[in-house]
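Engineer: Take a look and give me a structure for this.
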Amino acid sequence: MKIKKDDTVIVVAGKDKGKQGKVLRTLPKLNKVIVEGVNIQTKHEKPRGPEQPGGIQKSEGPIDASNVMYYDSKAGKGSRIGYKIENGTKVRISKASGQEIK
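Structural biologist: As a prediction, this is how the structure comes out:
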């Protein structure tokens, strides 16, 4: 997977198309990512004692990595990610602007 944790991504397909967010977690074996504020799911929970009241909990669900693109702030749009070897180390670069991704 070319998308890493803490990358800013833009959703390019699905019900949340056009939304931006930070990657909270990656699931490489499933080829999915969890993005902040995208694919919100609701879960009804029973009360589990006085410390944990029941209610409706909202949380982000996983979205397929093919439906998100790295957001390049320099170019102001989504960008593909490539690799380049500099001084013997492999670095990620943005295809839109050519800048190195930290």
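Engineer: drop to CA atoms for contacts and neighbour counts, all remaining ones
Structural biologist: Noted.
Engineer: Okay, now the sheet partners of the longest strand along the chain, with direction.
Structural biologist: Longest strand in the chain by number of residues, with DSSP state E as the criterion: strand 20-27. When pairing is defined by DSSP bridges, strand 20-27 lines up against strand 8-11 (antiparallel), strand 32-35 (antiparallel).
Engineer: Off-centre distance for it?
Structural biologist: Offset of strand 20-27 from its chain centre (C-alpha atoms, centre = their mean, to the nearest Å): 3 Å.
Engineer: out of the strands paired with strand 20-27, which comes closest to residue 78?
Structural biologist: strand 8-11 (6.4 Å; C-alpha to C-alpha).
Engineer: Give me the nearest residue to the residue most central in space within the chain, chain neighbours excluded.
Structural biologist: Residue closest to the average C-alpha location in the chain (C-alpha atoms, centre = their mean): residue 23, at 3.3 Å. Of all residues not flanking residue 23 in the chain, residue 35 sits nearest, at 4.5 Å (C-alpha to C-alpha, 6 or more residues apart in numbering).
Engineer: again, but for residue 57
Structural biologist: Leaving aside its chain neighbours, residue 57 sits nearest to residue 43 (5.2 Å; criterion: C-alpha to C-alpha, 6+ apart).
Engineer: neighbours of the one you found, just the number please.
Structural biologist: By the criterion of other C-alpha atoms under 10 Å, residue 43 has 10 neighbours.
Engineer: now residue 6: how far from residue 21?
Structural biologist: According to C-alpha to C-alpha, to the nearest Å, residue 6 and residue 21 sit 9 Å apart.
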